[in-house]
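1. Let me see the structure of the following:
(3 chains)
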Amino acid sequence: MDRNKDASASDVPLLEVEDLKVHLNTPRGTLKAVDGVSFRIGNGQTLGLVGESGSGKSMLVRSLMGISPSIAKISGSVKLSGAELVGIPRKQARAVWGNRVAMVFQDPMTSLNPVVRIDRQLTESMREHLDMSRADARTRAVDLLKLVGIPEPEKRAKQYPHQLSGGMRQRVTIAMALACDPDLLIADEATTALDVTVQRQILDLLQEIQADRGMGMILVSHDLGVVAGRTDEIAVMYAGRMVEHSPTQDLFAHRRHRYTEALLAAVPRLDVPKDQRPRPIPGSPPDLVTFKGGCAFAARCTAADDVCRTERPVMTANGNPRHLSACHHPVAVGGETEAAEVEGAVKTAEVEEAVKAAEAEDTEATDVSEAPETSEAADSTAEVEEAEEAAEVEEADAPEPVETSETSEAAEAGDAADEADDEAEAEAEDAKPSLSKEVPA
Amino acid sequence: MSLTQTENSLGLTESGVETPGEAAAEIKGKRKKAGLLWWFACAWLGIIVLMVVFADLLPNPYDQPVPDASAHESPFSSWPEFLGTDYLGRSTLSRIAAGARTSVTVATIPVASGILIGGLLGLVSAYFRGTTEAVIDIFADALLAFPPLLLLLMMSSVLYPPSVWTITLGLAILTVPGFYRLTKANAIAQSKREYVVVAKAMGARPGRIMFKELMPNTVATILSYAVIVMAVMIVAEGSLSFLGVGVPDPEPSWGGMVYKEKDNLEDYPGQVFVPCAVLFLTVFSLNVIGDRLRSKFDVRDSNL
Amino acid sequence: MTAETSPETGEPTGSATGTATAGDTAVSDDVLLSVNDLVQRFRVPGGVVNAVAGVSVELKRGRTLGLVGESGCGKSTLARAILQLTTPTSGSVVFDGQDLTKLSKDGLRTMRRRIQMVFQDPISALNPRRKIKDIVAEGLVISGTPTAEIGPRVADMLRKVGLDPDFVSERRPHQFSGGQCQRIAIARAMVVNPDLLICDEPVASLDVSVQAQVLDLLDEMKGSTGVSMIFVAHDLAVVRNISDEVAVMYLGTICETGDTAAIYDSPAHPYTRALLDAVPAPDPGASHSGPALKGEIPSPMRPPSGCRFRTRCPLATDRCAEEVPQLREVAPGHRVACHFPLVGDDVPKEAAAAG
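-> Numbering: from 1, shown residues only, chains lettered A, B, ... in the order given. All right, here's what the predicted structure looks like:
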């Protein structure tokens, strides 16, 4: 896959998020909007971030942009080309946001100032960040409008946002986002409010621009259909945590998490017979303030049992080491039974190949496609700690889970490691219930 | 720069499910910090209400309790004249309390009639639009264009002798256009929302739409505006009385008390200071409460 | 009218079951709504907008019509014109034998109970300051239902849409999620037993996971009450499962109409084809089967001459600029307004030109 080629383009990943937590202090208690998320994006890679409203995906990308609400407490690490962004002075951070990272929002009308002409809106940030002269900035503004496919850019530049259609406005916001040549473009539900026809145009445009410029991109959407053909990797979020993270092809071919499965089944599609109706996901996501233990999806999951309700699953790789999921009863390919070994058996060859590939990549320690493994390690820092504690307390076969997290031999560790991990976690929880930061949310 | 700013405002209103509510919660938190001022305002208005209710227990504000003595008596020298007496020897405390009655009359009646008449016309105008709106607009604009002071002066000369009621009536007329416009603007904004369309599509009659759908959504704004208008009314009455065209002398009024004592400012500053302070605190309290009401309702709206 | 209203609960159910199996059964011959050459113009600064430019559609009892097109194609305007929320410029809307455009104000008011509407934005469609039970009861109160009946009927309907009446009754809309609000809006519409439910993009602002919930609920309602439905959407994938027939609109006119199967399996109009192609498939292997539609829908103030779609159509020729294509049958029940339909080419082009 061409992902590998892209991935090895640079030593330092474009964006490296580790154990990012965005906690909001509300009168009811701490709302864990994002609770320990890790991932990496290489230069020129596109990540699809998928989840329902309230899954924390918007909060996550907003914290990357430095526009989370002031009650948000952000911890963890966000590195842009190796430079840490969390905890640095706002003034420094501001030079990064809007300059190196840009964002396109769902509703173009809210990110455009209704009483300012298009060209002024475009030139303002250019002059701010790039120190351009007025004339240069104006020329560039028209160029950008042309680039994003706006007909008669000179004329449009003189107009006000309300004189444009929704699709045109979204193109303008993309032009604004591109004004300062960002390294990372975040599209937060950028096409959700648009017609399907215009949605396709805008997605094509984003893809094209991303490829031309070799930018990193995050496509945030609630619709797996939108991100399917346009991303290198997909991360599925639920209740503030990542539940599945995988290369796009692999996710659709061998999705593991029950939530991913449910999300996919809910998409209305034309490529299946009519009687295969979209299946709704019953219920709604848990309250992120009061939610305590277990798998957050358990209450809505058809496969949930007592283990799901009490133990929080960790991100593990069963099979493909770049394909991580956090599910006690992962979906088996073509079946509904508990899966890991079945899947393992079916795909032994493939898995081994993948493991070899992963090991090879592992030696070039900084390779970006290693992201999932690292992300697993970091995403489940808590789990690692728990596992370690469990190891100390129990002297059980805990080293294995630890190893699982550190190296990437999940496939070999297999089911046993998985179980051990779970046990270790459960025991760690029993042993140390007071570790509040480790209480799953 | 503009980019980050717009996005900032957006971050509070647009991000998924949890944020707006939390942003609201944050504002609530901030409001708690400002609680002291709010309680003070409430307490002060409570005192004013007590004065209005129990004014009759104090000596008659028209009497001169010590007719022979030199008219002015310093504050804190006797009870119940502990705020002193005025140039005619009348108890300042009694007159403040009686003046509170004047102020409350002048504040509430015009505002109430403004809400009633202006609000009703505003709803009618917002619902029917077109000619109805145009006609009502003409009257409202004409009234706004008329110099208020002139109107009040004319009224006090026409309805001679002037009394509390003259000025109340005058102010009532003046408040109507304000409430009319505010109600109309709010109701028009509401009437574009789909629930009003739904009600129409269900066959609801105009009256039902106006009172069940539009009115509940304008009441909050109108009430918070009303509190601030009350403050304006009290100031207006005070100013008019100070100019000598408001409530005529034997009738107690805070503005009138300042007016009568302004020449004795150097010798008896208390006689000017006390009604001034009362007036100030009352108006200030009303504004504090009005502000808080407004921000509370604003949050509620943004939370929807 | 009296003959029609009495069996409103019983009779349509029968026809619904009839139509659920096959579209061409004799039971469904009963036409509930017929829109004839409806024109809706709006005067705006700078000209006249032809939002709906001569549309005729027919809806049989118990059936669902999917009305699909991009924003600005006039589909929502058509829905509102059917409801008489705007006064149509010309044409007629015959509902159950009565022309709504000719009814008196009072006549229309009593008729309104029988046509209900569900909107796109559930939050804006619910009055933020009223309690859920009052919102749902609205239609019953307006139609003069005895007070004693209202409470139980509201509670019953709330249960039917999957909400616990004890929990929701006393709350206000902002305490609910978008999907729940849409359920409440559906409860409000269905509590008065309407004959026709018009849904204007009811799921467009919802998450996919919730979309399917709402679609299932509507389908359930259709099955249990036999209500006829007009389902407006911009996404063909969304209307596929719920519609019996689909009408595709472009710039104020219908460009293709037919049975759901015909439209999806063998679209005849290039625009329908493009709409189908635009639906994102949740499959990384499947690329879009056709090129993306270029440009945007033209302004309804200055529609292109001839075929309105020709400015974006990959197949457009000179003929398309000169001659307005009329709706004609390419297959039984499948009609298209195109000079060069993608199917049914056996229909001679001369015939189309003549007719």
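
2. So which residues on chain A come close to chain B?
-> A:24, A:26-28, A:31, A:33, A:53-59, A:62, A:65-71, A:94, A:97-98, A:102-103, A:105-107, A:110-113, A:116, A:121, A:124-125, A:128, A:176, A:288 (C-beta under 8 Å from any C-beta of the partner chain). (Each C-beta comes from the backbone N, C-alpha and C, glycine too.)

3. Narrow these to those that are buried.
-> A:24, A:26, A:31, A:33, A:53-59, A:62, A:65-69, A:71, A:97-98, A:102-103, A:105-107, A:110-113, A:121, A:124-125, A:128, A:176, A:288 (16 or more other C-beta atoms under 10 Å in any protein chain shown).

4. re earlier: now, the residues of chain A next to chain B that are in helices?
-> Using DSSP state H, the subset of the residues of chain A next to chain B located in helices is A:57-59, A:62, A:65, A:94, A:110-111, A:121, A:124-125, A:128, A:176.

5. Pull out the buried positions in stretch A:75-82.
-> By 16+ other C-beta under 10 Å, the buried positions in stretch A:75-82 come out as A:76, A:78-81.

6. And for stretch A:135-153?
-> Buried, per 16+ other C-beta under 10 Å, within stretch A:135-153: A:137-138, A:140-142, A:144-145, A:147-150, A:153.

7. Out of those, flag the one nearest to chain C.
-> Distances from chain C to those, taken as C-beta to the nearest C-beta, are shortest for A:Gly149 (9.3 Å).

8. For chain A, what's its nearest residue on the stretch 1-150 of chain C.
-> Nearest residue of the stretch 1-150 of chain C to chain A: C:Glu70, at 4.5 Å (C-beta to the nearest C-beta).

9. can I assume that residue is in contact with A:Arg200?
-> No: using C-beta atoms under 8 Å as the test, C:Glu70 is too far from A:Arg200 to be in contact (11.4 Å).

10. Phi first, then psi, for A:Val272.
-> phi -130, psi 160 (degrees, to the nearest 10).

11. My error: substitute C:Leu85 in the last question.
-> Torsion angles, degrees, to the nearest 10, at C:Leu85: phi -80, psi -30.

12. Run a quick neighbour tally on it.
-> For C:Leu85, the number of neighbouring residues by other C-beta atoms under 10 Å in any protein chain shown comes to 15.

13. likewise C:Val238?
-> Neighbour count of C:Val238, defined by other C-beta under 10 Å: 26.

14. Who are the contact partners of C:Glu70?
-> Applying C-beta atoms under 8 Å, 6 or more residues apart in numbering or on different chains, one finds that C:Glu70 lies in contact with A:195, A:197-198, C:234, C:250, C:275, C:297.

15. From the buried ones among the residues of chain A next to chain B, pick out the ones that also neighbour chain C.
-> Filtered for proximity to chain C (C-beta under 8 Å from any C-beta), these shrink to A:53-54.

16. Which positions in the stretch 51-200 of chain B make contact with chain C?
-> Neighbours of chain C within the stretch 51-200 of chain B, by C-beta under 8 Å from any C-beta: B:193-195, B:197-200.

17. Just give me the residue closest to the centre of the chain.
-> Picking chain A for this. Residue closest to the average C-alpha location in chain A (C-alpha atoms, centre = their mean): A:Leu49, at 3.8 Å.

18. that's the other chain; I wanted chain B
-> Nearest to the mean C-alpha position of chain B, by C-alpha atoms, centre = their mean, lies B:Met230 at 1.0 Å.

19. Wait, that residue touches B:Ile109, no?
-> No: look at B:Met230 against B:Ile109 with C-beta under 8 Å: they stay out of range, at 10.4 Å.

20. re the thing from before, could you save the contacts of C:Glu70 as JSON lines and add columns showing pLDDT?
-> As requested, those are exported to JSON lines (pLDDT from 0 to 100):
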{"residue": "A:Asp195", "pLDDT": "87"}
{"residue": "A:Thr197", "pLDDT": "88"}
{"residue": "A:Val198", "pLDDT": "88"}
{"residue": "C:His234", "pLDDT": "90"}
{"residue": "C:Tyr250", "pLDDT": "94"}
{"residue": "C:Leu275", "pLDDT": "91"}
{"residue": "C:Ile297", "pLDDT": "86"}
